[in-house]
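Q: show me the folded form of this:
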Amino acid sequence: MREEHDVPLASLTTMHVGGPAGRLVVAESIDEIVDTVREVDDADEPLLVLGGGSNLVVSDDGFAGTVVRLANDGVAVESSDLCGGVMVRVGAGVVWDEFVVRAVAEGWSGVEALSGIPGSTGATPVQNVGAYGQEVAQTIASVRVWDRSAQEVRTFASADCGFTYRHSIFKASSRYVVLDVLFQLTPSTLSQPIRYADLARQLGVQPGERVPLEDARAGVLAQRGQRGMVLDGDDHDTWSCGSFFTNPILSARRFEELERRAAARLGADGLDGSVPPRFADPDGNVKTSAAWLIDHAGFGKGYGLPGPAALSTKHTLAITNRGGARAADIAALAREIQAGVVDAFGVTLVNEPVFVGLVL
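A: This next block holds a predicted model:
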């Protein structure tokens, strides 16, 4: 276990903003994670759990308490058979994309569409990370956590994790600290069915078809690269938290109101993408596109340039640090976009990254 003081959190987040941590503890085992969290809780001090820093916007004042950085590694196969699949336990501190690389190499199908997503494995169940037609909820068998209230290690079966779109019980409360995740993957050299239309077109297949795992990963990385969603220290379009806002899920009535407002603002003929996208929701609601709302509310790619905070030049859903931005700049741009979408369409966008010491 390593301990440092006054470490700038900007250096530990993909947005590259955030003031210093009062104390930073790098915990390299489950015992170290538990011991540190217990110590902080017993002292009734503030605690921030940090993985890869890819979904975090920390205030310019930093964090006055203890930041525990999860660094427990390890990928272990617990069982493998044709009926039950491959059960793989992954430490919370394992870099997510390194695990995906391992899965593709080993012929473990189920997470290939989640290639290139930055951050740690422990963060994936918190956000129910998803992309290109896959979510981690589809492959998570269980999540082992430290329960700060009960002061014990607990295991949650997938059905008990409260997984919904970009949400879980772990995101709803700071009570649980993820220690490791057990994945149930399919032994196969082929991907799961390709569900994302743009990815299917790139791969030259029809939606629902399967492709070799390596091809699926390469296709996803290409898609993400086109959108500035693969980390590159030299590309400020990737100095971000990825998608900054979640796609709104609206009732049928509210979506009809959105359509009316869009028609009044943009025209009703559907030309030039003037009709808001709609996707079926399992609960009978309608999911629409946050990127579409942002763009058609007047915030195009690169909006905010040459300021230190601006939308990505490749994707309207990513707020980026162009170099020298402060957390206050990121938050101010997010508020401007949020207010503009409300004014244009009556829809309130919800931020996907976690804010520390800031509110929208």
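
Q: what does the host helix or strand of R261 contact?
A: Applying DSSP states H and E as the criterion places R261 in helix 252-266. For helix 252-266, contacts defined as CB atoms under 8 Å, 6 or more residues apart in numbering pick out 250, 272, 274-276, 278, 284-286, 288, 296, 344-347. In this view, the C-beta of every residue, glycine as well, is placed from N, C-alpha and C.

Q: just flag the most distant two among those residues.
A: The largest separation in the contacts of helix 252-266, counting by CB to CB, is between D272 and G284 at 29.6 Å.

Q: can you give the strand pairings for the lowest-mean-pLDDT helix or strand in the chain, parallel or anti for each?
A: None of the helices or strands of the chain scores lower by mean pLDDT, DSSP states H and E than strand 279-280, at a mean of 85. As defined by DSSP bridges, the strand partners of strand 279-280 come to strand 286-287 (antiparallel).

Q: need the CA coordinates for whichever helix or strand comes after the partner strand. PDB is fine.
A: Counting by DSSP H and E, the next helix or strand C-terminal to strand 286-287 is helix 290-296. Presented in PDB, the C-alpha positions along helix 290-296 are these (Å, rounded to 0.1, in the frame of the first residue of the first chain):
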ATOM      1  CA  ALA A 290     -28.700  13.000 -26.200                       C
ATOM      2  CA  ALA A 291     -26.200  13.700 -29.000                       C
ATOM      3  CA  TRP A 292     -29.100  14.500 -31.400                       C
ATOM      4  CA  LEU A 293     -30.700  16.900 -28.800                       C
ATOM      5  CA  ILE A 294     -27.400  18.700 -28.200                       C
ATOM      6  CA  ASP A 295     -26.700  19.100 -31.900                       C
ATOM      7  CA  HIS A 296     -30.100  20.300 -32.800                       C
END
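
Q: helices of the stretch 101-250 of the chain, start to end?
A: 123-127, 169-172, 197-203, 213-226 (DSSP state H, counting those that start in this stretch).

Q: for these, which one sits closest to S115?
A: Closest among those, once you apply CB to CB, is helix 213-226, at 4.4 Å.

Q: neighbouring strands for the longest strand belonging to the chain, and are they parallel or not?
A: Longest among the strand segments of the chain by residue count, using DSSP state E, is strand 176-187. Paired neighbours of strand 176-187 in the sheet (DSSP bridges): strand 85-91 (antiparallel), strand 108-109 (antiparallel), strand 140-147 (antiparallel).

Q: turn those into JSON lines, including distance to V40, mean pLDDT and mean neighbour count.
A: Shown next, in JSON lines, are the strands paired with strand 176-187 (distance: least, CB to CB, whole Å; pLDDT from 0 to 100; neighbours: other CB atoms under 10 Å):
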{"stretch": "strand 85-91", "distance to V40": "21", "mean pLDDT": "97", "mean neighbour count": "21"}
{"stretch": "strand 108-109", "distance to V40": "36", "mean pLDDT": "98", "mean neighbour count": "24"}
{"stretch": "strand 140-147", "distance to V40": "12", "mean pLDDT": "98", "mean neighbour count": "20"}
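
Q: got the contact list for stretch 27-35?
A: With CB under 8 Å, 6+ apart as the criterion, stretch 27-35 contacts 1-2, 25, 36, 68-73, 92-93, 146, 153, 177, 179-180.

Q: so for that stretch, what gets flagged as buried?
A: 27-30, 32-34 (16 or more other CB atoms under 10 Å).

Q: repeat for stretch 215-234
A: For stretch 215-234, using 16+ other CB under 10 Å, the buried residues are 215-220, 223-224, 227-231.

Q: quick one: average pLDDT of it?
A: Mean pLDDT, computed over stretch 215-234, is 94.

Q: could you export that stretch as PDB, CA atoms only?
A: Output in PDB follows, covering the C-alpha atoms of stretch 215-234 (Å, rounded to 0.1, in the frame of the first residue of the first chain):
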ATOM      1  CA  ASP A 215     -12.800  -8.400 -36.000                       C
ATOM      2  CA  ALA A 216     -15.500  -7.200 -33.600                       C
ATOM      3  CA  ARG A 217     -12.900  -5.600 -31.400                       C
ATOM      4  CA  ALA A 218     -11.100  -3.900 -34.300                       C
ATOM      5  CA  GLY A 219     -14.500  -2.600 -35.600                       C
ATOM      6  CA  VAL A 220     -15.500  -1.200 -32.200                       C
ATOM      7  CA  LEU A 221     -12.100   0.500 -31.800                       C
ATOM      8  CA  ALA A 222     -12.400   2.000 -35.200                       C
ATOM      9  CA  GLN A 223     -15.900   3.300 -34.400                       C
ATOM     10  CA  ARG A 224     -14.800   4.700 -31.100                       C
ATOM     11  CA  GLY A 225     -11.700   6.300 -32.700                       C
ATOM     12  CA  GLN A 226     -13.900   8.100 -35.200                       C
ATOM     13  CA  ARG A 227     -15.700   9.600 -32.300                       C
ATOM     14  CA  GLY A 228     -12.700  10.500 -30.200                       C
ATOM     15  CA  MET A 229     -13.500   7.900 -27.700                       C
ATOM     16  CA  VAL A 230     -10.100   6.000 -27.500                       C
ATOM     17  CA  LEU A 231      -7.700   7.600 -25.100                       C
ATOM     18  CA  ASP A 232      -4.800   9.500 -26.800                       C
ATOM     19  CA  GLY A 233      -2.700  11.900 -24.700                       C
ATOM     20  CA  ASP A 234      -1.900  13.900 -27.900                       C
END
